[in-house]
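J.: quick one, what's the 3D model for this:
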Amino acid sequence: MSQRHPELEAEQAHLNAAYSCLDDSRERVRRITEMFEATRGGTNQARFERESVLQGALNRLSRLNLGNRSLVFGRIDPAGTGERFYIGRVGVWDDDQNAVVVDWRAPVSEPFYRATGREPLGLERRRFFATRGRTLLGIDDELFGELADPDHTSDAAVRGEGALIAALEAARTGRLGDIVATIQAEQDEIIRAPMPGLLVVQGGPGTGKTVVALHRAAYLLYTHRLSLESQGVLVVAPNRLFIAYIEQVLPSLGESGVTIAVLADLVQPRVRVDRLDDEGAARVKGDPRMVEVLATAVSNRQRRLRTDQVFGFGLQRLRITVAGSARIVAVARRRSRTHNAGRKIVEDLFFETLAESARKRVDPQVVRERMRNDVGVRETLDWMWPVLTPAHLLHDLLGSQALLKSANRGAFSEQEILRLHRPRSSHADEVVWSFEDVPLLDEARALLGARPGKRAVDAVRTYGHICIDEAQDLSPMELRMVARRSLNGSLTVVGDIAQATGAWANSDWGAVTAAFPSKHEPRIAGLSVGYRIPGPTMMLANKILPFAAPGLRPPRPVRSDGDDPQLIEVRDSPDETLVGVVSAELAKVGEGNVAVIVPVSLLASVTAAFAAHELPFGGPTRHGLDQRVTVVPVRLVKGLEVDAAVVVEPRRIVDEETCGFRSLYVALTRATKRVTVVCSEPLPELLG
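T.: Predicted structure coming up:
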């Protein structure tokens, strides 16, 4: 990328003008917000209109606050028109409403990302800018048609190579950055794909599938803002560490209205979730047969009485028989769509039955008013048809072997169903649920429905579009949970079959697409170019790929050069050796960061060693990436990128994890610069 382009000063002047217009726009929007915030009173209609305008202004102000991010990425010159369009992060106009900068998501911007020598899409020039803050550092031109060099056609896999390589070689910050300035053609095609239906994106490590999904969310919000701002967009992340890693991308693109959550955040009513089950229990909880088990568990709570019940009513005695209670339960089952909705039907029939048993005719409503707070009546109704929360239902079910066996009815073997059993807590509100419990709680919520008078608290939010990252790991029950949140079947699903790990690792995308029935045929797109991982590191990881995902083609790395992976064999003093290796890696990556990727069994000992040697580090938490060194179990490292990765005991990773070779493949493909393997145990033979 040339540093002294002849048009550098002229382009700097345009950037200065663009920033001036941006500042003016921000000031105008700020004055509007102040004016409306100062306004009070008026009719309900006036207040509603004022709030709508104010919210729109605040959203616009959020999109215009770029911080130190680049406003303009480059320029396109359509052939034969004399026009120029400057492509940037947000649209900016001057006082005469002339476009000074065109939003990267606008249709006119598409050739900036898509044009090739064979298909120039009407361009004669594409120009890339390298900027720091508001300063233009360099310009890189790509010419098409008659202006093009006949010896160089622009059909390479990489567009704006100088800007791209500069971005890839920059130190990692512990947070994922946007790629809006360097989006490549195959990425842009996915980002701008039509919204309806299910889009599955298969991408190997370093292909940018996560940022593509996030940029797609931003693009869809821009293109379909009228509908999606009210319907909402949801991004489902695999864990909270991953949320911390990606949460700045959408704000950097000017979109703050997207919900980013793990599945546990979507449970209603909210519960505390903070642990993992063993793999045997996780396998059962993710199995679609749990739908039948939970439905039976709910049905088992809809019970006839064991004996006739008699209640005092003034001088009379009102009675409900076992047969009468059975009739009430049967009617409520036929009439109610959900369990909790059936409680009102049961109560109505219950008081009618009591009134009919009186010697003298009594109005059922009078019986209800006088007896609804009677302790015996409440206990009887709660026996026949209790109002339940998902937590109460699951707490009772998992805490009783008898209830588990009763709900099973042959769905699982006795050994499988009893893997779910755990000691009861004193109350359901005290339970710390596992992440594998989350889809069961949600399935229970679908069966139970909202509690009477609690509809707002128990309501499940739906979304106009959902993006799912690392979707290859979702169990059938988790996929059902996501499907309930989809308003119209519009989803973007991204992942890598070669990185599918855990109890429900999918070997292909068939089970995922089957979980989201739609009138639109599912589309599957692929990302073939690896941008993040240097060639030597990718060569090492590719030794694992045939064992991780036979037949899957590895991504083609953009960077063929890079540091060779290092092997450190530990003979003595493993703690001191590992601390020394990590300290050396920190020095080699400068301002960059280091991930120490460990088997779960070594997490405690490695963190203790770092603490004993006073080496600052973060852990696998939402804030773990705030340190330059992060110690992370291999199960949580998926999707992250760092400057250097230190992979500890690969043999143990292979042996301990269910999908051992896939887990090792994930560990070896996290670094943008350097990979070091530290081991005292023999290496897997294919790494030799």
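J.: residue 400: what's it in contact with?
T.: Residues near residue 400 by C-beta atoms under 8 Å, 6 or more residues apart in numbering: 421, 424. The C-beta positions use only the backbone N, C-alpha and C, and glycine is treated the same way.
J.: now the element after the helix or strand containing residue 466, going C-ward?
T.: In this assignment (DSSP states H and E), residue 466 forms part of strand 465-468. Remark: after strand 465-468, the chain's next helix or strand is helix 476-485, criterion DSSP H and E.
J.: beyond that next one, next helix or strand please.
T.: Per DSSP H and E, the first helix or strand lying C-terminal to helix 476-485 is strand 491-495.
J.: sheet partners, orientation included, of that following strand?
T.: strand 198-203 (parallel), strand 465-468 (parallel) (DSSP bridges).
J.: average model confidence for the very next helix or strand once past that strand?
T.: Downstream of strand 491-495, the first helix or strand assigned by DSSP H and E is helix 510-514. In this model, helix 510-514 has a mean pLDDT of 92.
J.: can you name every helix or strand that helix 510-514 contacts?
T.: strand 198-203, helix 476-485 (3 or more C-beta pairs under 8 Å, 6 or more residues apart in numbering; DSSP states H and E).
J.: mean pLDDT, mean neighbour count and distance to residue 426 added to these, as CSV?
T.: Converted to CSV, the helices and strands packed on helix 510-514 look like this (pLDDT from 0 to 100; neighbours: other C-beta atoms under 10 Å; distance: least, C-beta to C-beta, whole Å):
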stretch, mean pLDDT, mean neighbour count, distance to residue 426
strand 198-203, 96, 23, 44
helix 476-485, 97, 21, 27
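J.: wait, which of the ones you listed is closest to residue 275?
T.: Nearest to residue 275 among these is helix 476-485; the distance by C-beta to C-beta comes to 16.4 Å.
J.: the closest one to strand 491-495, inter-axis angle?
T.: Computed with axes from the mean of the first three to the mean of the last three C-alpha atoms, to 10 degrees, the direction of helix 476-485 lies at 150 degrees from that of strand 491-495.
J.: can I get helix 476-485 in PDB, CA atoms only?
T.: Provided in PDB are the C-alpha atoms of helix 476-485 (Å, rounded to 0.1, in the frame of the first residue of the first chain):
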ATOM      1  CA  PRO A 476     -31.900 -31.400  19.500                       C
ATOM      2  CA  MET A 477     -33.500 -29.900  22.700                       C
ATOM      3  CA  GLU A 478     -31.400 -26.700  22.400                       C
ATOM      4  CA  LEU A 479     -32.400 -26.400  18.800                       C
ATOM      5  CA  ARG A 480     -36.100 -26.700  19.800                       C
ATOM      6  CA  MET A 481     -35.500 -23.900  22.300                       C
ATOM      7  CA  VAL A 482     -34.100 -21.600  19.600                       C
ATOM      8  CA  ALA A 483     -36.900 -22.500  17.200                       C
ATOM      9  CA  ARG A 484     -39.500 -21.200  19.700                       C
ATOM     10  CA  ARG A 485     -37.800 -17.800  19.600                       C
END
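J.: so that it lines up with my notes, have the first residue be 6 from now on.
T.: Got it, first residue is 6 now, which makes that one helix 481-490.
J.: what about whichever strand or helix holds residue 672, distance to the chain center?
T.: Using DSSP H and E, residue 672 falls within helix 665-673. Mean C-alpha position of helix 665-673 versus that of the full chain (C-alpha atoms, centre = their mean, to the nearest Å) differs by 21 Å.
J.: what packs against it?
T.: Using 3+ C-beta pairs under 8 Å, 6+ apart: helix 665-673 touches helix 540-547, helix 550-553, strand 647-653, helix 655-661.
J.: what packs against the last one?
T.: Counting contacts by 3+ C-beta pairs under 8 Å, 6+ apart, the secondary-structure elements packed against helix 655-661 are helix 665-673, strand 676-684.
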